[in-house]
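Participant: sequence first, then the predicted structure:
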Amino acid sequence: MFMKIGRNSVVTLSFTLYDAQGDVIEESKEPTTYLHGGFGNIFPLVEQALQDKGIGQGVRVKLEPEDAFGDYNEQLLRVEARDRFPEALEVGMMFEGIPGDAEADEESRATVFTVTDVADGKVVLDGNHPLAGMALVFDCKVLKIREASAEEVAHGHAHGPGGHHHH
């Protein structure tokens, strides 16, 4: 009996993520494992496309920005004083929330900001996901399917190799 992907299946995939021009953005070095069934572990459109697929089958899904990492949000661009940051600071560093921003609401405290520029005593931070505003193509192949354990379903994600580990 061949297993097909359904609710509470733990699915192992290899995938490649392309931009709209067909250039590779990310390729899975290790297979990725997720819990299927609306748990928010993978893009919903990809999950829909994978429903009822079997091992060895693949899907290629075009994702508009709103189906992937969202539209680019100008309000997540911030310019802050350099002295609010640690001495060692370089472009590409990430901060959860803006250092020393006590008045920040919950959302901007949980936002991860990437330093995009450091100049003239100012630091430019971008809270958008690096792939925000981009249309993407998600190409994947199903490597393994198994039933989720009751614990995995309760936690809402896969455990074990390639899955999620609690720290």
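Facilitator: Cool, the structure landed. Numbering: from 1, shown residues only.

Participant: buried set for stretch 10-18?
Facilitator: Of the residues in stretch 10-18, those buried under the neighbour-count criterion (16 or more other CB atoms under 10 Å) are 10-15, 17-18. All C-beta spots, glycine's among them, are computed from the backbone N, C-alpha and C.

Participant: among those residues, which are in strands?
Facilitator: In strands, judged by DSSP state E, the following of the buried residues of stretch 10-18 are found: 10-15, 17-18.

Participant: make CSV out of the residues you listed and add pLDDT.
Facilitator: Rendered in CSV, the data for those read as follows (pLDDT from 0 to 100):
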residue, pLDDT
V10, 97
V11, 97
T12, 97
L13, 97
S14, 97
F15, 97
L17, 97
Y18, 98
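
Participant: so which of those is the closest to G38?
Facilitator: Using CB to CB, V11 comes nearest to G38 of those, at 13.2 Å.

Participant: re earlier: list just the nearest of the ones in strands among the buried residues of stretch 10-18 to L89.
Facilitator: Of all these, L17 has the smallest distance to L89: 29.4 Å, by CB to CB.

Participant: understood, closing this out.
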